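Student: What follows is a protein structure lacking sequence information:
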């Protein structure tokens, strides 16, 4: 164990697409006293993963934490949103989990929207228009394409619910992660029985939705190096956990640059965007977390850099080439069948300018969404909190500054999803607001860069290209 702890220890878990991370944190000071990480494998067809490897990865990551893990008093698991985990009557996975970035349910998403009154009706009722990522569309896809697997399913869980369930033996989720399913109604704060009946999913197959600050149970899993009887919080989705980890107050905009790109802000007002750009998520505290997500972010830009044979930071200014790096289809804008597009190549275009165009295309999609995420609570010139793996890169940061015209703050705290889970665990243990716990820990402090004039010419080129190429991108 590292630094001497001033208070009780808590464990935050981040079960993401590609790995599980664990942080043992001093609940009083926020000092990380131990950490671990173990990888996941994502396979095809589509994007899927065996949930049992998440459990094994959790064990491996905890083992790396040593004695500190055996001294924790509370635990919380944050996980990738939207994933469809199907369990049989014995609690074993029926098939690999369908992950958030599996877009095979695009047709089922469109059908569900039409069958249940259109986009406005979904937004008013559920808070979001369910795109292909949403769990309800994945379940509809599974029932139609793999009816035997659907028939064998006794329980449906989200990724974080699966791990919480194995930790505690209890079927529990939280309002934050549940709000990304498409069958939890933000208007009522409960599962929507009409939607569940429409997709043939019995309510008893779903976990109980714990309220903010409520425990899921206690640790009962003997095979993990955790104290039996330690408190286990309800956990939440990864974006909700990152918001907790930053201690966000309403109106503070966040731009996260990871495998996917996300923009969000905490809001006191329930969102209901009929265009589907903004997901009307609940947060983990009792407020709301309007959020927009793009599928193509750091992985897409890194792929372009590799194709060009350049380091990811080797960008060059100038030129008028435009790239829409929709290598995996896209969610914002909603173009699930799209591929990448380059427009405006000239003899004089350099490889560095082409790479910069990939950055511009990825950031453009996020900034367009940000304008719809922010509400009346947000100050027009509020600094952008830049998080995720891309926030460490100069090219990402400078592209965000140039295209947003806003000041940028890059928090020093890393692993914000796991830190947010730890803050939730600490809040449960100490009877405090977890966002206030994170603010006490000072997680949002970091380097600041002042605003610079916005590059409106680049934004106009990108907007015009997206409009003109829509027919191609929808093929």
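Tutor: Cool, got the structure. Computed from a prediction, not measured in an experiment: that's the story for all the values here.
Student: drop to CA atoms for contacts and neighbour counts, all remaining ones
Tutor: Fine.
Student: you'd agree residue 280 is in a strand?
Tutor: Yes - using DSSP: H, G, I helix; E, B strand; the rest coil, the assignment for residue 280 is a strand.
Student: Low-confidence regions, this structure specifically.
Tutor: For the chain, applying pLDDT under 70 flags the ranges 1-4.
Student: Just want the phi and psi numbers for the nearest residue to residue 343 once chain neighbours are set aside.
Tutor: In this structure, residue 343 finds its nearest non-sequential neighbour in residue 322, 5.2 Å apart by CA to CA, 6 or more residues apart in numbering. Residue 322 has phi and psi values of phi -120, psi 130 when expressed as degrees, to the nearest 10.
Student: same deal with residue 351?
Tutor: The phi/psi pair for residue 351 (degrees, to the nearest 10) is phi -60, psi -40.
Student: wait, what's in contact with it?
Tutor: Residues counted as contacts of residue 351 (CA atoms under 8 Å, 6 or more residues apart in numbering) are 308, 315.
Student: and the gap between it and residue 135?
Tutor: Residue 351 sits 40 Å away from residue 135, going by CA to CA, to the nearest Å.
Student: residues near the closest residue to residue 381 other than its chain neighbours, how many?
Tutor: Distances taken as CA to CA, 6+ apart put residue 406 closest to residue 381, at 6.1 Å, once the chain neighbours are dropped. When neighbours are defined as other CA atoms under 10 Å, residue 406 has 20 of them.
Student: try residue 436
Tutor: Neighbours of residue 436 (other CA under 10 Å): 18.
Student: SS state for it?
Tutor: helix.
Student: you'd agree it is up against residue 246?
Tutor: No - with contact defined as CA atoms under 8 Å, residue 436 does not reach residue 246; the gap is 9.6 Å.
Student: Just list whatever residues bridge to residue 190.
Tutor: Beta-bridge partners recorded for residue 190 (DSSP bridges): residue 185.
Student: how close does it get to residue 206?
Tutor: Taking CA to CA, one finds residue 190 at 12 Å from residue 206.
Student: Could you say which helix or strand holds residue 365?
Tutor: helix 351-373 (DSSP states H and E).
Student: Could I get the buried residue list for that helix?
Tutor: 351-370, 372-373 (16 or more other CA atoms under 10 Å).
Student: so how far is residue 354 from the residue lying farthest from the centre of the chain?
Tutor: The C-alpha centroid of the chain is most remote from residue 347, which lies 39.9 Å away (CA atoms, centre = their mean). For residue 347, the distance to residue 354 equals 12 Å [CA to CA].
Student: Ok, residue 5 next?
Tutor: Counting by CA to CA - residue 5 and residue 354 are separated by 49 Å.
Student: before we move on, what about residue 10?
Tutor: 46 Å.
Student: got it, and residue 82?
Tutor: Distance from residue 82 to residue 354, by CA to CA: 33 Å.
Student: Check residue 420 too.
Tutor: Residue 420 is 37 Å from residue 354, by CA to CA.
Student: swap in residue 433?
Tutor: 46 Å.
Student: again with residue 452
Tutor: Distance, residue 452 to residue 354, using CA to CA: 23 Å.
Student: Tell me the backbone dihedrals of the closest residue in space to residue 47 that isn't next to it in sequence, please.
Tutor: Once flanking residues are discounted, residue 47 sits nearest to residue 102: 4.8 Å by CA to CA, 6+ apart. With angles defined as degrees, to the nearest 10, residue 102 sits at phi -90, psi 110.
Student: pretty sure residue 102 contacts residue 133?
Tutor: Yes - applying CA under 8 Å, one finds residue 102 in contact with residue 133, separated by 6.7 Å.
Student: Neighbour count for the two, which is higher?
Tutor: residue 133 (28 against 22).
Student: burial count for the nearest residue to the more buried one once chain neighbours are set aside?
Tutor: Nearest non-adjacent residue to residue 133, counting by CA to CA, 6+ apart: residue 100, 5.0 Å away. Look at residue 100: counted by other CA under 10 Å, it has 20 neighbours.
Student: give me every residue that touches residue 100.
Tutor: Counting by CA under 8 Å, 6+ apart, residue 100 has contacts 47, 80-83, 133-134.
Student: so what's the nearest residue to residue 165 once chain neighbours are set aside up against?
Tutor: The shortest distance from residue 165 to any non-neighbouring residue, by CA to CA, 6+ apart, is to residue 171 (5.5 Å). Shown in contact with residue 171 (CA under 8 Å, 6+ apart): 161, 164-165, 206-208.
Student: And these, which is closest to residue 463?
Tutor: residue 161 (39.4 Å; CA to CA).
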